[in-house]
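Enquirer: below: sequence and its predicted model.
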Amino acid sequence: MATHLRKIRGNPGKRGYNKLEPMPFGDLVDPPDWMTEKQRIGWNYAIENAPRGLLKKLDRSVLAAWVVAEDLHCQASQMVGKFGILTKTPNSGQPMQSPYLPVVNKQAQILLKAAEQLGFSPASRPRVQVAEERTVDEDDNWAEF
């Protein structure tokens with residue numbers, strides 16, 4: 001597990017931290033320009049409700065995958081709700097599974113996997129621990145210790 005995640009989630013194995021591990025910088029804030037308005041709303045919702053300081057710029061693609069999967073899952077779910085889980089084949093009129101149902105299922109898998117990586121699911125949330133922010137006295141040479 002990455003050192004940063006071990007610090008946030010806790011270190012039950014009490015293994016030492018990798019002091020040379022590169023640390024991502026910059027908090028993640030703005031959604032990518034290519035997102036739809038609905039996806040931007042989902043992005044902002046995630047940013048506002050995630051633990052402060054958890055999401056970094058490097059996490060952009062994982063959060064984008066979560067947002068897009070949530071949007072596509074919602075759209076496909078609405079279509080299943082509108083047309084039902086079964087439809088008729090065009091030629092024979094035989095019942096068949098809605099073409100939207102596999103989209104719902106696939107996007108749910110992507111959504112849950114990204115949520116797990118981001119600490120957004122109820123199962124992954126207990127592993128995340130966010131330390132309280134401390135103010136550091138700039139004149140205190142020992143403050144970081």
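Expert: That came through fine. Since we're looking at a predicted model, the values are computed, not measured.
Enquirer: when you work out contacts or count neighbours from here on, use the C-alpha atoms and nothing else.
Expert: Fine.
Enquirer: output the below-cut-off pLDDT ranges for the chain.
Expert: For the chain, the stretches with pLDDT under 70 are 1-12, 17-23, 127-145.
Enquirer: farthest residue from the center of it?
Expert: What lies farthest from the middle of the chain is Ser92; by Cα atoms, centre = their mean that is 42.5 Å.
Enquirer: how far away from the center of its chain is stretch 53-71?
Expert: Centroid separation for stretch 53-71 versus its chain: 5 Å, with Cα atoms, centre = their mean, to the nearest Å.
Enquirer: oh, that last question was meant for stretch 34-46, not what I typed.
Expert: Centroid separation for stretch 34-46 versus its chain: 13 Å, with Cα atoms, centre = their mean.
Enquirer: list the buried ones in it?
Expert: Neighbour-count burial for stretch 34-46, with 16 or more other Cα atoms under 10 Å as criterion, is recorded at Gln39, Arg40, Gly42, Trp43, Ala46.
Enquirer: which residues sit in contact with the nearest residue to the second one once chain neighbours are set aside?
Expert: Yep, that's Arg40 we're talking about. Leaving aside its chain neighbours, Arg40 sits nearest to Pro31 (6.0 Å; criterion: Cα to Cα, 6 or more residues apart in numbering). Residues in contact with Pro31 (Cα atoms under 8 Å, 6 or more residues apart in numbering) are Arg40, Trp43, Asn44.
Enquirer: run through who's touching the strand or helix carrying the last one.
Expert: By that I understand Asn44. Here Asn44, judged by DSSP states H and E, is contained in helix 37-49. With contacts defined as Cα under 8 Å, 6+ apart, helix 37-49 is touched by Leu28, Val29, Asp30, Pro31, Leu55, Leu63, Ala64, Val67, Val68, Glu70, Asp71.
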